[in-house]
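Engineer: Got a sequence here, can you build the structure:
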Amino acid sequence: MSRNRVIYQSEALFASQEINSTSKAAHMQLRRVQSANYSFNVTRTDLNQFGQLSRIDSLILEAPTVSADVSYFLGDGYNEEVLNFANSDLNVGFVSGQITSSSGQNLYIMTAPEGTDASVPGLDGSAYTTGSFGSIGIGNAFVTDYSMEASVGGFPTVTVSFEGSNINASTSVSGSRDGFSGTFSGAGIDPVLGTPIANQVAGDGIEIRPADPGTDAGVATALRPADITFDLSNANGDTIANIHSTDGAHVQSVSISVPLSRTPIERLGTRFPFARTVDFPITPTLSVSAIVNETQEKSLTSIINDDAFIPSASITIKDPAGTNAAIYKLTNLKLDSESFSSSVGPNKTVDLTFSISVGGPDDLENNIFFSGANTDAKFALQPVKLNGGNLVAGESFSVNGIVFDYEASPKTTGEKVVGYVHGQTSRDFPVFYTGSADLDLADVAGGAITGNDGANGITGLSGAAGATLRFSPTDKTANTEITGGVSLS
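Structural biologist: Okay, here's the model as predicted:
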């Protein structure tokens with residue numbers, strides 16, 4: 001039976017590490033996504049000749065362009081890192097990773113069966129029906145614009161636009177707690193040959209990690225406008241409106257736009273662009289809208305006579321716990337416009353626009369910087385494998401919904417993947433067990449496994465629900481396994 005529709009609950013968005021990525025570890029899910037739009041445009045040239053009114057053919061002379069844009073609620077910089085922006089201590093240019101010549105990334109929108117969340121199936125360990133997922137892949141995608149807007153009454157929101165070279169659709173993709181796989185072709189193309197990348201179409205193609213809501217455990221659900229501090233004090237003497245951070249105009253919204261327009265480089269012998277390089281100079285803009293409370297003595301002539309750079313402006317956003325979640329800093333700004341609006345009814349407002357010119361990655365005087373609180377490692381994935389071979393009759397346990405039961409036929413006490421640590425320092429999984437008093441772990445490798453008592457196991461909680469095991473990899477940046485043998489003593 002065909003489905004009736006697709007809504008947001010059934011979709012999950014992933015970005016690859018490189019265009020030739022094939023493994024689960026090399027694909028990361030973006031968080032707090034609100035929209036994903038994509039399209040392609042094919043430009044054709046008609047071929048006509050004397051003696052015939054209608055065209056005899058319509059040929060593609062220019063490579064088709066694939067466009068995509070994604071919006072998400074701003075978080076702690078996790079998404080920015082995945083999309084190759086610099087998350088630093090405000091000492092590395094935010095767009096430095098976009099300036100370097102590369103072949104971009106691939107984006108994948110995974111679509112679950114109708115009425116089903118795209119996130120991992122229930123804790124009974126069941127999988128989706130084989131071949132029930134679909135996928136839209138966007139290959140060789142380059143960022144062409146990054147913008148962030150924060151306003152009163154709304155969540156800070158980021159919109160990222162892409163320009164790619166390929167788009168493909170896959171069906172019969174298998175989705176389970178273990179991820180997405182099964183005759184699943186990647187979207188990347190060889191920029192020289194203009195053909196699909198061989199290792200993404202050979203065999204079973206690519207694999208993608210599971211759409212797992214547990215990857216953002218401990219992360220603030222959203223950032224709020226009440227926790228935003230905007231410091232434009234350095235520009236106060238350059239404007240007519242008083243914009244001092246403490247007693248100045250009441251800021252209603254602030255937005256940052258970073259245009260990264262690109263020129264496709266083509267050459268004879270290829271059907272697709274060899275590269276998509278950034279057009280320079282890069283000139284981000286900062287726009288501010290505020291309710292005017294006071295004006296100060298200033299004239300346009302004085303601005304012209306003393307047109308020095310504004311040293312810096314910053315936007316600091318805290319999470320509900322009061323910790324800095326995200327900071328934007330722009331240096332060496334210029335005031336481009338100041339527009340007032342006053343009419344019967346509403347408050348008098350002012351709109352200001354500032355611009356900067358981006359220097360090299362290490363230019364600390366002319367740049368835009370970003371610092372986010374995210375500490376999860378990019379493109380790391382550690383499977384957690386447990387073995388229940390030491391169980392005896394009458395004993396069973398489950399970790400993260402994966403059941404180890406001595407009584408089952410055939411017996412299910414062997415090694416199983418109970419979940420993944422996605423580049424985190426540690427991750428907790430729920431445990432339920434029946435049997436004797438203690439749940440013990442031995443032969444632990446690849447990290448530490450600790451229980452409610454702080455040791456390798458859980459003591460004195462036989463049959464307890466709500467107990468947890470914590471898995472901490474030795475190196476959260478490596479794609480290594482965490483393993484252990486489990487028994488009930």
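
Engineer: which SSE is residue 98 in?
Structural biologist: helix 96-99 (DSSP states H and E).

Engineer: helices or strands up against that helix?
Structural biologist: Packing contacts for helix 96-99, counted by 3 or more Cβ pairs under 8 Å, 6 or more residues apart in numbering; DSSP states H and E, involve no helix or strand. Heads up, the C-betas are built off the backbone N, CA and C, glycines and all.

Engineer: Show me how far that helix is from its chain's centre.
Structural biologist: Helix 96-99 sits 16 Å away from the centroid of its parent chain (Cα atoms, centre = their mean, to the nearest Å).

Engineer: Following element in sequence after that helix, please.
Structural biologist: strand 105-111.

Engineer: quick one: strands adjacent to that following strand?
Structural biologist: Here strand 105-111 has these sheet partners by DSSP bridges: strand 11-16 (antiparallel), strand 133-151 (antiparallel).

Engineer: so where's the stretch 101-250 of the chain uncertain?
Structural biologist: Applying pLDDT under 70 to the stretch 101-250 of the chain picks out residues 101-103, 121-131, 245.

Engineer: Helices along that one, start to end?
Structural biologist: Secondary structure of the stretch 101-250 of the chain (DSSP state H, counting those that start in this stretch): helices at 198-201.

Engineer: mind listing what's buried in stretch 411-427?
Structural biologist: If you call a residue buried by 16 or more other Cβ atoms under 10 Å, then stretch 411-427 has these buried ones: 412-413, 416, 418-424, 426-427.

Engineer: Just the residues contacting the helix holding residue 98, thanks.
Structural biologist: Helix 96-99 is contacted by residues 84-86, 93, 142-143, 260, 278, 282, 360-361 when judged by Cβ atoms under 8 Å, 6 or more residues apart in numbering.

Engineer: CA atoms only for it, dumped as PDB, please.
Structural biologist: The C-alpha coordinates for helix 96-99 follow below in PDB (Å, rounded to 0.1, in the frame of the first residue of the first chain):
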ATOM      1  CA  SER A  96      38.100  29.000   7.600                       C
ATOM      2  CA  GLY A  97      37.000  25.400   6.800                       C
ATOM      3  CA  GLN A  98      34.800  26.700   3.900                       C
ATOM      4  CA  ILE A  99      37.600  28.800   2.300                       C
END
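
Engineer: Which of the residues in that helix are classified as buried?
Structural biologist: For helix 96-99, by 16+ other Cβ under 10 Å, it's 96-99.

Engineer: again, but for stretch 472-489
Structural biologist: Buried-residue list, stretch 472-489, by 16+ other Cβ under 10 Å: 472-473, 476, 479-480, 482-488.

Engineer: Verify the stated contact: residue 160 with residue 83.
Structural biologist: Yes - applying Cβ atoms under 8 Å as the test, residue 160 and residue 83 come out as touching, 6.3 Å apart.

Engineer: Could you find the closest non-adjacent residue to residue 412?
Structural biologist: Of all residues not flanking residue 412 in the chain, residue 405 sits nearest, at 5.3 Å (Cβ to Cβ, 6 or more residues apart in numbering).

Engineer: Check the spacing between that neighbour and residue 469 real quick.
Structural biologist: 18 Å (Cβ to Cβ, to the nearest Å).

Engineer: more neighbours, those two?
Structural biologist: Comparing residue 405 with residue 469 by other Cβ atoms under 10 Å, the one with more neighbours is residue 469, at 25 against 16.

Engineer: re earlier: could you work out the most separated pair of the contacts of helix 96-99?
Structural biologist: Across the contacts of helix 96-99, the longest distance by Cβ to Cβ is 19.4 Å; it joins 142 and 360.

Engineer: which one of the two has more residues nearby?
Structural biologist: Counted by other Cβ under 10 Å, residue 142 and residue 360 do not tie: residue 142 has more neighbours, with 23 against 10.

Engineer: I'd guessed that one sits against residue 161; true?
Structural biologist: No - applying Cβ under 8 Å, one finds residue 142 not in contact with residue 161, separated by 9.7 Å.

Engineer: Please list all residues in contact with the residue nearest to residue 412.
Structural biologist: By Cβ under 8 Å, 6+ apart, the residues touching residue 405 are 391, 396, 411-413.

Engineer: measure the nearest residue to residue 259 once chain neighbours are set aside to residue 256 for me?
Structural biologist: Nearest residue to residue 259, sequence neighbours excluded (Cβ to Cβ, 6+ apart): residue 145, at 5.5 Å. Going from residue 145 to residue 256 by Cβ to Cβ gives 11 Å.

Engineer: Comparing these two, which residue is more hemmed in?
Structural biologist: Higher neighbour count among residue 145 and residue 256: residue 256, with 22 against 15, using other Cβ under 10 Å.

Engineer: So what sits opposite residue 398 in the bridge?
Structural biologist: In this entry, residue 398 is beta-bridged to residue 403, residue 432, by DSSP bridges.

Engineer: contacting residues for it?
Structural biologist: Per Cβ under 8 Å, 6+ apart, neighbours of residue 398: 123, 404, 431-433.

Engineer: closest to residue 381 among these?
Structural biologist: Checking those one by one against residue 381 (Cβ to Cβ), the nearest turns out to be residue 123, at 20.5 Å.

Engineer: Find the nearest non-adjacent residue to residue 188, please.
Structural biologist: Distance criterion Cβ to Cβ, 6+ apart; nearest residue to residue 188, sequence neighbours excluded, is residue 19 at 3.6 Å.

Engineer: quick one: the one you found from residue 312, how far?
Structural biologist: Using Cβ to Cβ, residue 19 is found at 36 Å from residue 312.

Engineer: Using the three-state scheme, assign residue 313.
Structural biologist: On the three-state scheme (DSSP: H, G, I helix; E, B strand; the rest coil), residue 313 is labelled strand.

Engineer: so who does it touch?
Structural biologist: Counting by Cβ under 8 Å, 6+ apart, residue 313 touches 230-232, 234-235, 286, 329-330, 333, 354.

Engineer: Tell me the most packed of those, by neighbour count.
Structural biologist: Counting neighbours by other Cβ under 10 Å, the top entry in the contacts of residue 313 is residue 232, with 27 neighbours.

Engineer: Please verify my assumption that it contacts residue 243.
Structural biologist: Yes - with contact defined as Cβ under 8 Å, residue 232 counts as touching residue 243 (5.2 Å).

Engineer: List the residues that are in contact with both of those two.
Structural biologist: With contacts defined as Cβ under 8 Å, 6+ apart, the residues adjacent to both residue 232 and residue 243 are residue 288.

Engineer: Pretty sure residue 93 sits in a helix.
Structural biologist: No - the assignment for residue 93 (three-state DSSP) gives coil, which keeps it out of a helix.

Engineer: Looks like residue 399 contacts residue 418 (just checking).
Structural biologist: Yes - contact criterion Cβ under 8 Å: residue 399 and residue 418 qualify, at 4.4 Å.

Engineer: which neighbours do these two share?
Structural biologist: Counting by Cβ under 8 Å, 6+ apart, the residues touching both residue 399 and residue 418 are 386, 429.

Engineer: Look up which residues are beta-bridged to the residue nearest to residue 259.
Structural biologist: Counting by DSSP bridges, residue 145 is bridged to residue 161, residue 259.

Engineer: Could you check how far the residue nearest to residue 196 when sequence neighbours are not counted is from residue 364?
Structural biologist: Leaving aside its sequence neighbours, residue 196 sits nearest to residue 189 (Cβ to Cβ, 6+ apart; 5.7 Å). Going from residue 189 to residue 364 by Cβ to Cβ gives 38 Å.
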